[in-house]
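In: sequence isn't available, so here's the structure alone:
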């Protein structure tokens, strides 16, 4: 992929037995409650089933925290301040001036369970000069690796870009990858390593070791279809060797096309995938990896970051937010949180669409409703047994549950920790504000 600059990136108490003092006890008690209801596997539950393909995002987003905050826990992303961590191509001494902002981004994102790799250009196996998009000296590559681990220690490894030769040589991959691997081992043994060759060729796989990751595809939707046989074959070869694989597909214009593309990736058993509707003509100004796709929430719901919805039958329970330990309730036209002693139970009724279970969440005489897929607003509104925006997929997450709207694929979220804080819908990140337990 082309190198980028930060300025224009391409790329519980005795009186209240269900209030807990630690999240571990919350999760344990919720799991016990579920088991008591006969809701765990073997007791009538629908087992969770992720796709097996995880989320790996090329995130050339500058220091836009709002974008990083949309990455779900368990996903992988790339940090790229300025085609690396130095301010100009060719020098190895002056770090980017907004390093503190980058450190905040990395620390906060990693704390949510997202893995981050530091971007290092390698010059397409050409190490005789330092010219962006053409060549990189070994000294500069090493300086980049050292700087990431010293300055942004929360990164989990390195993303080596330009990791295929400009003039093809299959025999060159083993030596090149050995040298890059040795640089990482020098500064952080055991760190995660990804080589972005961007092409589905067994020469790439031959250079990688078990436990490492190779990007085997970085191109358009049309190419992904045209090269499907070769991509699948090379991905299978890598899998047999214990090498993880990553596919990056741009120019996927619609949500339907995205779903089809994800289905292809899952069928190929790729480890990581990312699909975007942004085009790939970076020379003409298309910022391919510069933002998230318009259908991001739906893409997340299709990949391993979002488990399958469960069917635990109809339930009548209070919904307690895992962050605030306050209970959801409907009042007027809104949903907010209040002390559980002053809140009632929700009637959670299964409404299946085909074989997919959803829950209608009813409090009193009205139901939790997301205004539209384009709006984060959640209201307490008149119930309809068929309205998609009143259907919520209930998903299990480590002993807690969260609710994902059928229309938007966004999760029910409480905006704050105080009584009276309202509910809305936002992309699922694994935050406690989005997770609940029963009382």
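Out: In hand now; what should we look at? Note that the structure is a prediction, hence the values are computed from the model and not measured.

In: mind checking pLDDT for residue 306?
Out: Predicted confidence (pLDDT) for residue 306: 50.

In: same check on residue 318?
Out: If you check residue 318, the pLDDT there is 95.

In: again with residue 326
Out: 95.

In: settle this for me: residue 235 is touching residue 200, isn't it.
Out: Yes: contact criterion Cβ atoms under 8 Å: residue 235 and residue 200 qualify, at 7.3 Å. From N, CA and C alone the C-beta is placed, and that goes for glycine too.

In: report the set of residues contacting both of these two.
Out: Residues touching both residue 235 and residue 200 (Cβ atoms under 8 Å, 6 or more residues apart in numbering) are residue 216.

In: which of these two has more neighbours?
Out: residue 200 (27 against 24; other Cβ atoms under 10 Å).

In: now do the SS call for the more buried one.
Out: Recorded secondary structure, residue 200: coil (DSSP: H, G, I helix; E, B strand; the rest coil).

In: just checking, it touches residue 234?
Out: Yes: in this structure, residue 200 is within contact of residue 234 by Cβ under 8 Å, at 4.1 Å.

In: common neighbours of the two, please.
Out: residue 216.

In: partner residues bridging residue 392?
Out: residue 359, residue 405 (DSSP bridges).

In: gap between it and residue 423?
Out: 11 Å (Cβ to Cβ, to the nearest Å).

In: shared neighbours of the two, anything?
Out: Joint contacts of residue 392 and residue 423 (Cβ under 8 Å, 6+ apart) are 368, 412.

In: near residue 378, how many other residues are there?
Out: With other Cβ under 10 Å as criterion, residue 378 counts 24.

In: could you say which helix or strand holds it?
Out: Using DSSP states H and E, residue 378 falls within strand 378-382.

In: do residue 238 as well
Out: helix 228-241.

In: number of nearby residues for residue 263?
Out: Neighbour count for residue 263, taken as other Cβ under 10 Å: 13.

In: now do it against residue 392, distance only.
Out: As for residue 263, its distance to residue 392 is 24 Å (criterion: Cβ to Cβ).

In: cool, residue 348 as well?
Out: 9 Å.

In: do residue 139 as well
Out: For residue 139, the distance to residue 392 equals 55 Å [Cβ to Cβ].

In: compare the two (neighbour count), which wins?
Out: residue 392 (26 against 11).

In: just the pLDDT for the more buried one.
Out: pLDDT at residue 392 comes out at 94.

In: check contacts around it.
Out: By Cβ under 8 Å, 6+ apart, the neighbours of residue 392 are 358-361, 368, 403-406, 412.

In: widest-spaced pair of those residues?
Out: Spatial extent of these (Cβ to Cβ) is set by the pair 360 and 404 at 13.6 Å.

In: more neighbours, those two?
Out: residue 404 (25 against 22).

In: pretty sure the more buried one sits against residue 301.
Out: Yes: here residue 404 reaches residue 301: they are 6.5 Å apart, a contact under Cβ under 8 Å.

In: okay, residue 345 and residue 309: tell me how far apart.
Out: Relative to residue 309, and taking Cβ to Cβ, residue 345 is found at 21 Å.

In: neighbour-wise, which of the two wins?
Out: Using other Cβ under 10 Å as the criterion, residue 345 and residue 309 rank with residue 309 on top: 21 against 16.

In: quick one: residue 106 is in a strand?
Out: No: under three-state DSSP, residue 106 falls outside any strand and is assigned helix.

In: how about the helices in the stretch 101-250 of the chain?
Out: Using DSSP state H, counting those that start in this stretch, the helices of the stretch 101-250 of the chain run over residues 138-151, 172-187, 202-207, 221-226, 228-241.

In: just give me how far the fourth one sits from the chain centre.
Out: Mean C-alpha position of helix 221-226 versus that of the full chain (Cα atoms, centre = their mean, to the nearest Å) differs by 23 Å.

In: again, but for the third one
Out: Counting by Cα atoms, centre = their mean, helix 202-207 is centred 27 Å from the centre of its parent chain.

In: check which helices and strands that helix sits against.
Out: The elements that helix 202-207 packs onto, with contact taken as 3 or more Cβ pairs under 8 Å, 6 or more residues apart in numbering; DSSP states H and E, are helix 172-187, strand 213-220, helix 228-241.

In: for that helix, the averaged confidence score.
Out: 98.

In: just the buried positions in that helix, please.
Out: Neighbour-count burial for helix 202-207, counted by 16 or more other Cβ atoms under 10 Å, picks out 202-207.

In: distance to residue 397 and mean pLDDT added to the helices and strands packed on helix 202-207, as CSV?
Out: Putting these into CSV (distance: least, Cβ to Cβ, whole Å; pLDDT from 0 to 100) gives the following:
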stretch, distance to residue 397, mean pLDDT
helix 172-187, 32, 98
strand 213-220, 25, 97
helix 228-241, 27, 96
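
In: out of the ones you listed, flag the one nearest residue 338.
Out: Here strand 213-220 is closest among those (Cβ to Cβ), at 46.6 Å.

In: same for that closest one, what does it pack against?
Out: Here strand 213-220 touches strand 192-196, helix 202-207, helix 228-241, strand 244-250, going by 3+ Cβ pairs under 8 Å, 6+ apart.
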